[in-house]
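S.K.: output the structure for:
(chains A and B)
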Amino acid sequence: MSDAHEHKSELTYTQVFIALIVLTVLTVGASLIPFPRTVSLVVALGIAGLKASLVALYFMHLRFAVKPIYVTVGFPLMLMIIAVMALMPDVAINPDNARITIEQAKASEPHHEESAEH
Amino acid sequence: MSHAATADTHAHDAEAPSFRPYGVDMGTFGMWLFLASEIMFFTGLLGAYTTPEIEKDVFALGANSLDWWIGALNTLILIVSSFTMVQACVACEKGNAATLRKMLFITAGLGMLFLCIKVGLEYYPKIYLHGHGPSHSLFFSCYYGLTGAHGVHVFGGVIPLVVLALQSNRLAELRSRRVETLGLYWHFVDVVWIFLFPLLYLAQ
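M.R.: Sure thing, here's the model as predicted:
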């Protein structure tokens, strides 16, 4: 590896590192804006996807990888998306079956503080 | 020692020449295969999170009870550790044993710091002071399942990091690919946390 190439790759690592820090701050910043919950989740997961891509492409050198590596990683990623998507009909069709309200959840909490007061 | 014996010792010390069908190093390929199985492992846990996520109120309540700054701090720690891991790989390529050792120890130290924060500032107070154990609610069941599995992976990375740091002189001399292979694992652990942080701490 030439000195110029080495210098360039080390510079790239530093740039990716700074980008990851900035994106983490952005994730937290975006979560403080009162978007609807679905929008917040999409934004947060979108930024997370971008960060994960930066780590995979630059730190894990996936952008220089050969076909067998892409196939090895691509299939489980595809299966992961299919598996999570396969759960969606269950969520969409039976949203009320397992729904618990905040009141029910609070009522089910152990009463440590109350018992401590007594 | 005869020349033949010296040559034999050197041959024994050196790593076996890499078998590279289709231009792929077999050690690297093996690690990618392992990571592929790890993707499916975390998919199962993520699926377990997705299904009860319909109970939005419970999950919002659970996420609200976590301190987002602890999650953010741990995210920053893992990102810095990924950067020091990359620096270790660069040092190994250059044959710089001192930097390699330093960077591997720093990466391992950051991994341990991550675990200490997780156990000391989150698990202990949550379980023993607030009564929010794994059986408290579906959210905490998912929370301990996901973060616990991830924590075990972090600890599973720290051990080989220390072992390689202790062998840094030899690894740097041989320009060994073992450091880069371990780096793949460590970055994967970082990638998993990058998704867990918004899902668990910011899904309010």
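
S.K.: hey, let's count contacts and neighbours off CA atoms from now on
M.R.: OK.

S.K.: any weak-confidence spans in chain B?
M.R.: B:1-22, B:51-62, B:204 (pLDDT under 70).

S.K.: ranges for the helices of chain A?
M.R.: For chain A, the helices defined by DSSP state H cover A:3-32, A:37-54, A:67-93, A:102-107, A:112-117.

S.K.: make CSV from these and add mean pLDDT and distance to residue B:38 to it.
M.R.: What follows is the helices of chain A, written out as CSV (pLDDT from 0 to 100; distance: least, Cα to Cα, whole Å):
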stretch, mean pLDDT, distance to residue B:38
helix A:3-32, 84, 23
helix A:37-54, 88, 15
helix A:67-93, 81, 9
helix A:102-107, 58, 33
helix A:112-117, 47, 38
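
S.K.: and of those, who's closest to residue B:96?
M.R.: Comparing the helices of chain A against residue B:96 with Cα to Cα, the closest turns out to be helix A:3-32 (13.9 Å).

S.K.: centre of the chain to the helix ranked longest in chain B, how far?
M.R.: Once chain B is assigned using DSSP H, the helix that runs over the most residues is helix B:138-166. Taking the mean of its C-alpha atoms, helix B:138-166 sits 7 Å from the chain's own mean (Cα atoms, centre = their mean, to the nearest Å).

S.K.: what helices or strands is that helix leaning on?
M.R.: Here helix B:138-166 touches helix B:26-50, helix B:56-64, helix B:97-117, helix B:178-201, going by 3 or more Cα pairs under 8 Å, 6 or more residues apart in numbering or on different chains; DSSP states H and E.

S.K.: mind redoing it with 6 Å?
M.R.: Of the remaining helices and strands, those touching helix B:138-166 by 3 or more Cα pairs under 6 Å, 6 or more residues apart in numbering or on different chains; DSSP states H and E are helix B:97-117.

S.K.: near chain A, which residues of chain B are found?
M.R.: Residues of chain B lying close to chain A by Cα under 6 Å from any Cα of the partner chain are B:36, B:43, B:47, B:55, B:57, B:184, B:191, B:194, B:195, B:198.

S.K.: take those and write them to JSON lines, including neighbour count.
M.R.: Converted to JSON lines, the residues of chain B next to chain A look like this (neighbours: other Cα atoms under 10 Å in any protein chain shown):
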{"residue": "B:36", "neighbour count": "17"}
{"residue": "B:43", "neighbour count": "19"}
{"residue": "B:47", "neighbour count": "19"}
{"residue": "B:55", "neighbour count": "22"}
{"residue": "B:57", "neighbour count": "18"}
{"residue": "B:184", "neighbour count": "25"}
{"residue": "B:191", "neighbour count": "23"}
{"residue": "B:194", "neighbour count": "28"}
{"residue": "B:195", "neighbour count": "19"}
{"residue": "B:198", "neighbour count": "26"}
